[in-house]
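# okay, here's the prediction I keep looking at, along with the sequence it came from:
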Amino acid sequence: MKNIILKNIENPNSHRIEEYIKAGGYFALEHAVNEMTPRDIIDDIKKSGLRGRGGAGFSTGMKWQFASLDPKFPKYIVCNADEGEPGTFKDRVILEKNPHQLIEGMVITAYALQSVRGYIYLRAEYPHVEKILNDAIQEAYAKGFLGNDIMSRHFRFNLSVHRGAGAYICGEETALINSLEGRRGDPRVKPPFPVNSGAWSKPTIVNNVETYANIPYIVETSPKAYSFLGTRDAPGTKLFCVSGAVKNPGVFELQLGTPLREIIYDHCGGIRNGRALKGIIPGGLSTSILTPDMIDCPMDFANLARHGSMLGSGAVIVLDDTMCIVKIYERAMRFFEHESCGKCTPCREGTGWMRTILRRIEDGMADMEDLATLEDVAHNVAGKTFCPLGEGAAQVLLSAMKRYRGEFEYHVKYKKCEVTDPSLRWGHMSMDELD
Amino acid sequence: MIELTIDDIKVKVEKGQTILQAALANNIYIPHMCWDPRLKPYGGCRMCLVEIEGQPRPLASCSYPADNGMIVRTNTPRVAKLRKTMVELLLIHHPLDCPTCDKAGQCSLQDLSHQHGPSQNRIQEEKHSVARRTRNPFIERNQSRCILCGKCVAVCWEHQGVGAINFIGRGFDTKVSPAFEEVLDCEFCGQCVDICPVGALGNKPFKHSCSTWFLESSDNICPYCSVGCTVTLDTREGKIVSTRGIATKGVNKGDLCVKGRYGMDFIYAENRLKKPLVRKNGGLVETTWEDAMHVLAVRLNDVIRDKGPGRVGVIGSPKFSNESNYMLQEFARKVIGTNNIDSSACFGFSKVQKAVSQVFGLSSLPISLDSPIGKGAVLVIESDITSTHPVWGLKFLEARKKGSKIIVLGPRETKLSRHSDVWLRVRPGTSHALLNGIMHLAIEGAYHLKNHMSTAATNFSELEELVKGYPPGRAAEIAGVDTDEFIEMAKVYLTAESRMAALSLGSVENNKGLNTAISAANLVMLTGDGPSALQMPADYANTFGMWQMGISPENLPGYKKIEGSPGKNLFQMLYGKKPLDALLIMGDDPLSTYPDLKKVEEALRNLQLLIVQDIRLTDTARLAHIVLPEASWAEKEGTFTNAAGLHQTTEKISTPTGDSIAGWQIFRNLTRYMNSTPPFESLTALRDHLSDMPIDKGKEKWQYVPVHYEEVEPVDKQYPFIMVTGNLMQHSGALSVMSKNLSEAFPGAFIQINDTDAARLGITDGSTVRVESRRGAATVTVEVTDEVTQGMIFAPINFATARLNELTYAYEGGGAPLTAVSIQQVQSA
């Protein structure tokens, strides 16, 4: 399998510009500025079928086109490196090992959109990455890939790193823009969308790290070559970061549409400790859980949607039969409650309420009425919140309650957990210790 | 126009409206808590969610734009269910202390709970308990009740341009607070209190004074500045206990400033006059109306008979109603027989009138409250409009939000300078030179040729000649600004699609003169924008109306010019070589506010007869021989004419204090005592007459009046500082200092000095300084700040106790009557 994003990854100095150039880096940029018009690039990206790798999976080419059609200038290019979705650690590999591919992707984007200013919004929890990125940016400046006269083509683009302050909500693009502007990281009303009115009310592209890292390959080869990878609906490769109860967790670059079974059993070596598979959270904590019978689901946008879930960030969390669903979702809800920005009522108050009931179920203090209330509250939070945070919190709970109904009812009926075996470390460990 | 269907009703709205706006405009109510017509949609409370056909999820109608052919349902079972849940969610942590909450009865959450909420909550959680913050004078913050709708935060920054509060913390722990949880210290406009849907923000002066359902509300016109806002007064048993602005009412559409919201208690001041006073054996003693009128008539007749009516003068009041002022001039002209009629506007608004009549030939030039909106560039000339006309000032902020460029000339940092696109910190009083400089650049760059009017107006060549003397270098040098910055500013102004220039010329402002106003008028002609682009508002609630009522030595009511020689103006009455023998002062306190205190005092003391008619015992009244108590605003009916020329009725809400009666009655009765027949027997007859009064609008002409910049009192070694006088946002003179609320919060007189100057002179913040001019000295507290520039002192002139007007002087010429002073510390803080 061809690695697009993780190419050269085994090289310990892959983050250095010399090594990157040696491996063919910045050729795409040269090709772009010398032989292509901005319009060509946008058309190519559209043709390639590339879809955003951050979670929503919106067509990257369409997004660029919207921004380029807006007559307002300047336009801003923002990289969302606020990788906060629990279970996700795929961007980290790019940022640490292959920062120049991100930078090259951003410079090409800037050329395509005639933007002069870019920002990498980096999550606060990656302090070491800031240095790597800044070093890489310095190198790129020194080589003339960034600055006021890029590749002597009178093309100007300046890039800097902006570190977040540790809020999950700032991974939402409008909240990210607010934070970037120095405001409180609350999501903004849409419409207007960032492509028309983003940072400082100017057209702004916010793309994920992995999305940008795909750009050089598409420009360098051809849209056709790119769409040859993956599926028709979702071309290209994807980074899957697998964690949880597998023998061999890690980040894998695989074609979109790779079946879940292949990821878990071939690449990750199967379930650890010889336990049975209980469920899979396929795209980060805010995507709905899949049951073991869905193991053959191909990992792409459409097939996961068919199974009531989402590709999300590609963070596969594997659960085995020692793990308690109620406990997991109680912990998840605590996360969502803690990360809620407080702007809208259902998310601010609803996540807290749901967490209270989940705690009660987990503690064996709940009755059947609580279960009904929990479902009712979740139904009234889902689809009513301002942004996807609260929406996700309620949706994942609802699907877990639907798919693992028995386990919830067992907790209520018998005031204890069905699966927790005190002899097993996972089940025994208090979730608080994991904080 | 777009057409959509809401609840099976077809409605048509302008494009760009949200669904909520479309619904409300067509009388379809959608419950909402975080939306306000003045603010950008926030979308937080989620009460306004509606179902839209073809959309899988309900959408927030407050922020979702209405679209053609959209089918909206606001009242489906699903929507009802989610509203119920939203209320239930909000009530989880809301303290439910309604019995002790001042908002109970006017609370949105309470109302929505009744309409949509569940009868009981399915969850018991601990209620919010955040410490109450009460250390500021006006606004009680009770965060436990907050539902985080964000309206207070938005109104404070977006609408009011202040940004004193914002959210602190995240998620459930979010609260609204000043930065670093400091004590709230802002301009105290109280807009956040009015906009709060629950009891999280409350009026401290009102606190626990009454349950809202016992309140009676009535509307009135604010008696402070000339914007003429509608205030809704809540009364309990006839006493005003709180003031609110209501979004649908008046020119202000719900906006109020600190004076309008907290200053109405002035009518309950302790020094209100209750009975007529007559001087007997050196002291003022209370007496009956009959006695006072009798004494007055006899003594006034004596003066008229012995010295002639030309030795008697009257002073009108910009704070009193049209009726009072009209009857005053009737009394002066018909009963006394004199045209010696003037008012404090002589130091301020009369200069505007003069400029308007000289340049445009008009008898008056009312402003338009919406004028800044939609203008390409707005030039603010040494005026602190958000302080002098706070609610009009908001329009400038709104204009900027909508894309206007705001250009501010002025040495002192003001709210408008903070929100400006270009701010030139000119030396005090020099904006006139810059205006001439802009005209120089306009002619040089041929900007004036873009319109046909500029060169056709009379005196164009004279103006051209004059402004030749103001090349950018010289104009910038006079004003003490960088030449390039000045040229840049002028370009922004001249190249704009549409323009407007604004300046206030209040009676206590000394940094502009007649020539500044004339020069601004020349400029708007040269750019072809004409009189409507020049906005020079009257200062007090009825300055405009008073002028129209003929309180002027030159004009009769309706701006009709006097035939023959005009009467004496204030300069001749009080500062001239041959002062008067008798003076009747209505509703003004020359000793506190008129310049050159010593001269004023001397003139008043030399009077054979001084009659003061006022609502309180002023310093001037203490010198009087006869003092007549007039019923105050809200104790009588009347009309005010605002700066836009709009006549608005003020209602009687409170019972008059003591024996005080309305001004028009005083003059009617007095006329009888003087053995004449009063022109009107009733208020209705008087009002009928006033409404039919012909207004002489003047004949519009365009005539340049070339005027050179002049410095009236230059600084020298002995007096090295320029003292600029003006008003504060919280105080505007006689009325505001009577208000207990305002005076407690903003108590004493102070002056401001630049921090560099202060360091050089060894003056520390809060210490007491002696300020001295060629005419006198005053001792006052000092505030060290970078709000003012070096070499400048700013002195709010409203506080009579400081006697700062001993330093200033009355100046009849065209320049800005700035005062040169020296300053020295006498006592450290």
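Cool, got the structure.
# show me what contacts the spatially most central residue of chain A?
Chain A has A:Ser313 as the residue nearest its centroid, 3.2 Å off, counting by C-alpha atoms, centre = their mean. Counting by C-beta atoms under 8 Å, 6 or more residues apart in numbering or on different chains, A:Ser313 makes contact with A:53-55, A:83, A:85, A:87-88, A:90, A:241, A:283-284. Where you see a C-beta, it was placed from the backbone N, CA and C, and this is true even at glycine.
# can I get the residues you listed in a markdown table with pLDDT, secondary structure and neighbour count?
Shown next, in a markdown table, are these (pLDDT from 0 to 100; DSSP: H, G, I helix; E, B strand; the rest coil; neighbours: other C-beta atoms under 10 Å in any protein chain shown):
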| residue | pLDDT | secondary structure | neighbour count |
| --- | --- | --- | --- |
| A:Arg53 | 95 | coil | 29 |
| A:Gly54 | 91 | coil | 25 |
| A:Gly55 | 86 | coil | 24 |
| A:Glu83 | 95 | coil | 26 |
| A:Glu85 | 94 | coil | 22 |
| A:Gly87 | 95 | coil | 23 |
| A:Thr88 | 96 | coil | 25 |
| A:Lys90 | 96 | helix | 28 |
| A:Cys241 | 96 | strand | 22 |
| A:Gly283 | 95 | coil | 27 |
| A:Gly284 | 95 | coil | 25 |
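# out of those, who's nearest B:Lys175?
Nearest to B:Lys175 among the contacts of A:Ser313 is A:Glu85, at 27.8 Å by C-beta to C-beta.
# what part of the chain, helix or strand, is modelled with the least confidence?
Here I'm looking at chain A. helix A:425-428 (a mean of 41; mean pLDDT, DSSP states H and E).
# not what I meant, chain B
helix B:734-738 (a mean of 83).
# state the next helix or strand along the chain beyond it.
helix B:740-745 (DSSP states H and E).
# residue boundaries of the helices in the stretch 151-300 of chain B?
Secondary structure of the stretch 151-300 of chain B, counting by DSSP state H, counting those that start in this stretch: helices at B:151-154, B:191-195, B:258-262, B:289-307.
# I misspoke; the intended subject was the stretch 301-450 of chain B.
B:322-330, B:349-360, B:385-388, B:390-401, B:415-418, B:431-444.
# and of these, who's closest to A:Ile205?
The closest of the helices of the stretch 301-450 of chain B to A:Ile205 is helix B:390-401. By C-beta to C-beta, the value is 25.8 Å.
# name the SS class of the nearest residue to B:Pro817 once chain neighbours are set aside, please.
Leaving aside its sequence neighbours, B:Pro817 sits nearest to B:Tyr811 (C-beta to C-beta, 6 or more residues apart in numbering or on different chains; 3.7 Å). Following DSSP: H, G, I helix; E, B strand; the rest coil, B:Tyr811 is assigned to coil.
# if we can go back for a sec, so what touches the least confident helix or strand of chain B?
With C-beta under 8 Å, 6+ apart, helix B:734-738 has contacts from B:223-224, B:259, B:263, B:266, B:269, B:271, B:319, B:588-589, B:592-593, B:616, B:618, B:730-731, B:742-743, B:798-800.
# what subset of these is buried?
If you count burial by 16 or more other C-beta atoms under 10 Å in any protein chain shown, the buried members of the contacts of helix B:734-738 come out as B:223-224, B:259, B:263, B:266, B:269, B:319, B:588-589, B:592-593, B:616, B:618, B:730-731, B:742-743, B:798-800.
# from chain B, how far off is the most far-flung residue of chain A relative to its centre?
Residue farthest from the centre of chain A, counting by C-alpha atoms, centre = their mean, is A:Tyr414 at 38.1 Å. Look at A:Tyr414 and chain B: by C-beta to the nearest C-beta, to the nearest Å, they are 24 Å apart.
# do the same with A:Pro388
11 Å.
# so B:Gln124 sits in a helix?
No - secondary structure of B:Gln124 (three-state DSSP): coil, not part of a helix.
# how close does it get to A:Thr356?
Note on B:Gln124: its distance to A:Thr356, by C-beta to C-beta, to the nearest Å, is 10 Å.
# sec struct for the residue nearest to B:Met439 when sequence neighbours are not counted, please.
Nearest non-adjacent residue to B:Met439, counting by C-beta to C-beta, 6+ apart: B:Val467, 4.4 Å away. Classification of B:Val467 by three-state DSSP places it in helix.
# tally of neighbours for B:Val467?
26 (other C-beta atoms under 10 Å in any protein chain shown).
# who touches it in this structure?
Per C-beta under 8 Å, 6+ apart, neighbours of B:Val467: B:436-437, B:439-440, B:443, B:706.
# can you check B:Thr414 too?
With C-beta under 8 Å, 6+ apart, B:Thr414 has these contacts: B:384-387, B:408.
# show me which residues of chain B are close to chain A?
B:40-47, B:49, B:56-58, B:60, B:63, B:65, B:81-82, B:85-86, B:89-90, B:92-93, B:122-123, B:125, B:147-148, B:150, B:166-167, B:169-174 (C-beta under 8 Å from any C-beta of the partner chain).
# distance of the residue nearest to B:Met439 from chain A?
37 Å.
# ditto for B:Val715
According to C-beta to the nearest C-beta, B:Val715 stands 42 Å off from chain A.
# surely that residue meets B:Ser773?
No - the pair B:Val715 / B:Ser773 is not scored as a contact, 10.8 Å apart, by C-beta atoms under 8 Å.
# of these two, who's got more company?
B:Ser773 (22 against 17).
# and the more buried one, what does it touch?
Residues near B:Ser773 by C-beta under 8 Å, 6+ apart: B:719, B:723, B:807-808, B:819-822.
# pull out the buried residues from the helix or strand B:Gln115 falls within.
Using DSSP H and E, B:Gln115 maps to helix B:108-116. In terms of neighbour count (16+ other C-beta under 10 Å), helix B:108-116 has its buried residues at B:108-110, B:112-113, B:116.
# all strands of the stretch 151-300 of chain A, in order?
A:158-163, A:204-208, A:237-244, A:250-255, A:277-281 (DSSP state E, counting those that start in this stretch).
# using CSV, list the CA coordinates for stretch B:430-449.
Presented in CSV, the C-alpha positions along stretch B:430-449 are these (Å, rounded to 0.1, in the frame of the first residue of the first chain):
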residue,chain,number,x,y,z
THR,B,430,-7.7,74.2,17.2
SER,B,431,-10.1,72.1,15.1
HIS,B,432,-11.2,75.3,13.4
ALA,B,433,-7.7,75.5,11.8
LEU,B,434,-8.0,71.9,10.7
LEU,B,435,-11.4,72.5,9.1
ASN,B,436,-9.8,75.3,7.1
GLY,B,437,-7.0,73.0,6.3
ILE,B,438,-9.4,70.3,5.0
MET,B,439,-11.0,72.9,2.8
HIS,B,440,-7.6,73.9,1.5
LEU,B,441,-7.0,70.2,0.5
ALA,B,442,-10.4,69.9,-0.9
ILE,B,443,-9.8,72.9,-3.3
GLU,B,444,-6.3,71.8,-4.0
GLY,B,445,-7.5,68.3,-4.9
ALA,B,446,-10.5,69.7,-6.8
TYR,B,447,-12.9,67.6,-4.5
HIS,B,448,-15.2,70.6,-4.4
LEU,B,449,-15.7,70.3,-8.2
